[in-house]
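Participant: Need coordinates for the below:
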Amino acid sequence: PAYGTFDLSGQTRPMEKVGGDFFDFIPVTDKILGLAIADVSGHGLPAALVVRDVYMGLRMATDRDFKIIRTLQKLNHIIHRGRLTTKFVSLFYGELETGGILIYCNAGHNPPLVVGATGFRRLECGGPIVGLFESASFEEETVTLSRGDWLIVFSDGVSEALSATGEEYGESRILTVVQSHLNVEPQKLLEAVFSDVREFAKGAAQ
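Facilitator: Numbers count the residues shown, from 1 in each chain. Next up is the predicted model:
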């Protein structure tokens, strides 16, 4: 989507026809963009049904102007009380302001990376996987993105991609690709990451 002076892009490739991972860009206001990524335990239709609940829950929460922590608490309650066999969700949700301020909560998801010319940091503040504990508590953190910084958000479908010998792709390889493509457009960076994963896997089942 078009948002302020930011360049954004995303892509998902499900393992089956429907998947248990999803990402979303959520326009909260003209000056706030919601960023979400979730990974539901399991695969196929049962996982996709939980994804639907997370998607709708986030959209409804932003419509009602819920704060980030309350949003996570409500989702946790809904998923914990659900009757589906797959009900554990790792979730990263953040709200990005046009000035570069990002307020986020990471509920057990792979830590996103803020990568700049001088280094990187992981966004780890948050709480447990959503749905695991009925009375789970969550925390939020505020970071500031500067011009030229990248916010790299991914699921374990990338970091845990396997080679033919059973080796995992890993966060370090993601970081290497990003740091060697700091001056390209986001879509080209996405293509570079997926291309590197394919080369690493060499056709091994994922």
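Participant: At which residues are the helices of this protein located?
Facilitator: 44-63, 68-81, 156-159, 171-179, 186-201 (DSSP state H).
Participant: quick check: angle from the fourth one to helix 186-201?
Facilitator: Okay, so that is helix 171-179. Angle of helix 171-179 versus helix 186-201, following axes from the mean of the first three to the mean of the last three Cα atoms, to 10 degrees, is 140 degrees.
Participant: returning to that earlier point: tell me which of the helices of the chain lies nearest to G116.
Facilitator: G116 lies closest, by Cβ to Cβ, to one member of the helices of the chain: helix 171-179, at 9.6 Å. From N, CA and C alone the C-beta is placed, and that goes for glycine too.
Participant: just checking, what packs against that closest one?
Facilitator: Packing partners of helix 171-179 (3 or more Cβ pairs under 8 Å, 6 or more residues apart in numbering; DSSP states H and E): strand 113-116, strand 150-152, helix 156-159, helix 186-201.
Participant: any idea which residue sits dead centre in the protein?
Facilitator: I37 (3.0 Å; Cα atoms, centre = their mean).
Participant: Count the neighbours of G94 for me.
Facilitator: Residues contacting G94 under the criterion other Cβ atoms under 10 Å number 23.
Participant: is it true that L175 touches F120?
Facilitator: Yes: here L175 reaches F120: they are 6.4 Å apart, a contact under Cβ atoms under 8 Å.
Participant: How about the contacts made by E140?
Facilitator: I68, I69, I103, Y104, C105, C125, G126 (Cβ atoms under 8 Å, 6 or more residues apart in numbering).
Participant: can you put those residues in TSV and add distance to E97?
Facilitator: Shown next, in TSV, are the contacts of E140 (distance: Cβ to Cβ, whole Å):
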residue	distance to E97
I68	13
I69	17
I103	8
Y104	12
C105	16
C125	17
G126	19
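Participant: I'd like to know which of those residues are buried.
Facilitator: Using 16 or more other Cβ atoms under 10 Å as the burial test, the contacts of E140 include I68, I69, I103, Y104, C105, G126 as buried.
Participant: How far does the helix-or-strand element of the chain with minimal mean pLDDT sit from its chain's centre?
Facilitator: Lowest by mean pLDDT, DSSP states H and E among the helices and strands of the chain is helix 44-63, with a mean of 82. The chain centre lies 14 Å from the centre of helix 44-63; the measure is Cα atoms, centre = their mean, to the nearest Å.
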